[in-house]
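Engineer: Just the structure for this:
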Amino acid sequence: MFLFIHGFGSDSRCNKCRQLLERVGKERVIIPTVEYHDLPGALDQLERIVQTQQITSVYGASMGAFLAQYLAKRYGIDAVLINPVIEPLKLIGYAQGTHFTKQSLQLAQELTEYNRTHPFTRASAVLLGIDDEKLDIGELLDYFQKSACKVYDDDHALINGFGDYLDREVAD
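Structural biologist: Here you go, the predicted structure:
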């Protein structure tokens, strides 16, 4: 069973979600709506899914990839990360006008520390698009140096690259 965690400002209808659904079928994919302004509640929701649904791989995009890193490390499952956030408090700075609870900001900091201090050995792939202005590709390549990283020139190439990855690795 696959879990896909969409990014902040996205939802379960995103292009990447659609690609995964098309290739593996809706009966094998769970794509919950994640309410990032309530990060503790969102994490509880995702952990319940992992614990009860026999998740073998977690996919995440952007802020969803940040949560996917944590879940993969905590539960020993594979992860595919697309333009992963590694410092969510920086991303939250881009979210002008969005209200985050004190608990959400504190949990974001705690998860950042957890991700930094627990070795990441289960990433199946890290897919990066160099035109994401919120991410530092050099920092990501350094952070994920032990993972299989693939860099794409733009968002369109990244979306196509994700589809190619799915065709090679998971489609029946």
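Engineer: List the pairing partners of the longest strand along the chain within its sheet, with orientation.
Structural biologist: If you go by DSSP state E, the chain has its longest strand at strand 123-129. Using DSSP bridges, the strands paired with strand 123-129 are strand 78-82 (parallel), strand 149-152 (parallel).
Engineer: For the residue nearest the centre of the chain, which three-state class applies?
Structural biologist: Of all residues in the chain, the one closest to the mean position by Cα atoms, centre = their mean is residue 65, 1.6 Å from it. What DSSP: H, G, I helix; E, B strand; the rest coil gives for residue 65 is helix.
Engineer: so who does it touch?
Structural biologist: Residue 65 makes contact with 5, 7, 79, 81, 82, 83, 84, 85, according to Cβ atoms under 8 Å, 6 or more residues apart in numbering. (Each C-beta comes from the backbone N, C-alpha and C, glycine too.)
Engineer: From these, pick the one nearest residue 154.
Structural biologist: residue 83 (11.8 Å; Cβ to Cβ).
Engineer: and that closest one, what pLDDT?
Structural biologist: Here the pLDDT value assigned to residue 83 is 91.
Engineer: Same question for residue 166.
Structural biologist: Reported pLDDT for residue 166: 86.
Engineer: In the helix or strand it falls within, which residues are buried?
Structural biologist: For residue 166, the host element (DSSP states H and E) is helix 155-169. By neighbour count on 16 or more other Cβ atoms under 10 Å, the buried set for helix 155-169 is 157, 158, 159, 161, 162, 163, 165, 166.
Engineer: Who are the packing partners of it?
Structural biologist: helix 15-24, strand 78-82, strand 123-129, strand 149-152 (3 or more Cβ pairs under 8 Å, 6 or more residues apart in numbering; DSSP states H and E).
Engineer: from the ones you listed, which stretch is densest packed?
Structural biologist: strand 78-82 (a mean of 25; mean count of other Cβ atoms under 10 Å).
Engineer: just checking, residue 152 touches residue 132?
Structural biologist: No. The pair residue 152 / residue 132 is not scored as a contact, 10.1 Å apart, by Cβ atoms under 8 Å.
Engineer: mind putting the strands paired with strand 123-129 in JSON lines, distance to residue 23 included?
Structural biologist: JSON lines is the format used below for those (distance: least, Cβ to Cβ, whole Å):
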{"stretch": "strand 78-82", "distance to residue 23": "12"}
{"stretch": "strand 149-152", "distance to residue 23": "17"}
